[in-house]
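Trainee: below: sequence and its predicted model.
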Amino acid sequence: MATPGFAAGAYASIGGLGAGNLMKKPAAGIGGAEAGGPDFSALLGKALDSTAEAGRKADVQTASVAAGRADVVDVVTAVAESETAIETLVAVRDRVIAAYEDIMRMPV
């Protein structure tokens, strides 16, 4: 069973997308691109890359345990991290879709 600390660490490891980073106001312009900060597409790309890397790590650990070179605990940990990364990405996707739907419902 995953502990709250494990879940928090997994969320924070996904491209540094901690709540503190997301809640900061950009210094100038939309997305902070003019101030040298990352824009939304860069953050999303980073999250996708991190999720893919977690999946690759789980695959490598699974192959290692099948070959007898790794411990099952390592595989379970890698799969849990991958699952957490995917769940986080799906939650972000759902929020983006909900925000888009809200914008589309606004009267012009």
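Mentor: Okay, I see it. Numbering: from 1, shown residues only.
Trainee: quick one: the helices in the protein?
Mentor: With DSSP state H as the criterion, the chain has helices at 4-13, 19-23, 40-66, 72-105.
Trainee: next, the buried residues of the longest one.
Mentor: It stands for helix 72-105. Residues of helix 72-105 classed as buried under the neighbour-count rule (16 or more other C-beta atoms under 10 Å) are 74-75, 77-82, 84-85, 88-89, 92. To be clear about C-beta, it is placed using only N, CA and C from the backbone, and glycine gets the same treatment.
Trainee: just the pLDDT at the residue nearest to Val92 when sequence neighbours are not counted, thanks.
Mentor: Among residues not flanking Val92 along the chain, Ala47 sits closest, at 6.8 Å (C-beta to C-beta, 6 or more residues apart in numbering). In this prediction, Ala47 carries a pLDDT score of 88.
Trainee: and for Gly68?
Mentor: Reported pLDDT for Gly68: 87.
Trainee: how many neighbours does it have?
Mentor: Here the number of neighbours of Gly68 (other C-beta atoms under 10 Å) works out to 6.
Trainee: could you do Ala58 as well?
Mentor: Ala58, neighbours per other C-beta under 10 Å, totals 21.
Trainee: wait, doesn't it sit right on Val79?
Mentor: Yes: under the criterion of C-beta atoms under 8 Å, Ala58 lies in contact with Val79, with a separation of 4.8 Å.
Trainee: for this protein, which helix or strand comes out least confident on mean pLDDT?
Mentor: Sorting the helices and strands of the chain by mean pLDDT, DSSP states H and E puts helix 19-23 at the bottom, at a mean of 45.
Trainee: Ala42: which of the buried residues of helix 72-105 is nearest?
Mentor: Distances from the buried residues of helix 72-105 to Ala42 were compared by C-beta to C-beta; the smallest belongs to Val92, at 14.0 Å.
Trainee: for Ala47, see how far away Ala63 is.
Mentor: 25 Å (C-beta to C-beta, to the nearest Å).
Trainee: which of those two has more residues huddled nearby?
Mentor: More neighbours sit around Ala47 than around the other of Ala63 and Ala47, counting by other C-beta under 10 Å; the figures are 19 against 12.
Trainee: now do stretch 88-95, average pLDDT.
Mentor: Here stretch 88-95 scores 93 as its mean pLDDT.
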